[in-house]
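A.B. asks: Pasting a predicted model and its sequence here:
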Amino acid sequence: DLVRIDALVRLLAEQLPDDLLHARDARRAADEHDLVDFLRGDPGVGDQMPDIALETPDGGSAKASDFAGRKLVVFFYPKDDTPGCTTENQDFTALASDFAAAGTALLGVSKDPPARHRKFAEKYGLAAPLASDAAEHGLSDALGIWTEKQNYGRTYMGMVRTTYLVGADGKIAHVWDKVK
């Protein structure tokens, strides 16, 4: 996760060219998963980030338009207080000052309730703000990353660990999907 986050920080430190911010990445159709997303209409690079409200642990809300005029990294993860998700949140916390120096806000999102986010953040001293996605028809649904998964023969709905870089114009500038 640190390698991915370091690469993200380097990308933010560079001036992103307009064509990256405003055009779909030509490589999208090369990957079958991306082609399915494209045909389904899931937002991708160059598209406006859906402006769907997420509930914050303090009882407020957060949505893409709240960050208008500055870059935003939104990282989606499956569940609070699990090993991989804890590591990811700790990595973003460790680099929070680098993101701030790059003029970029952070927002971690899962379907966990706000009270669980609060306990998770307090337990690990997390600096990246967290928000709860709606159980149904939330931001992860709109992005196509709340999807059917299988594990040991069991089928269930779950979050695909994905990170989005949203430009100051509110458009998706880069997507890291199926993050391990």
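C.D. replies: Looks like it arrived, so ask away.

A.B. asks: any idea where the helices of the protein begin and end?
C.D. replies: Secondary structure of the chain (DSSP state H): helices at 2-13, 18-22, 32-40, 83-94, 96-101, 114-124, 139-143.

A.B. asks: And the last one, what's buried?
C.D. replies: The neighbour-count criterion (16 or more other C-beta atoms under 10 Å) identifies 139-143 as the buried residues of helix 139-143. For every residue, glycine as well, the C-beta is placed using N, CA and C.

A.B. asks: for stretch 55-73, same thing?
C.D. replies: 55-57, 62, 64, 67, 71-73.

A.B. asks: ok, those vs residue 79, which is closest?
C.D. replies: Within the buried residues of stretch 55-73, proximity to residue 79 (C-beta to C-beta) peaks at residue 57, which comes in at 15.4 Å.

A.B. asks: got the contact list for that closest one?
C.D. replies: Neighbour list for residue 57: 114-115, 117-118, 121, 130, 132 [criterion: C-beta atoms under 8 Å, 6 or more residues apart in numbering].

A.B. asks: Please tell me how far it sits from residue 118.
C.D. replies: Residue 57 sits 4 Å away from residue 118, taking C-beta to C-beta, to the nearest Å as the criterion.
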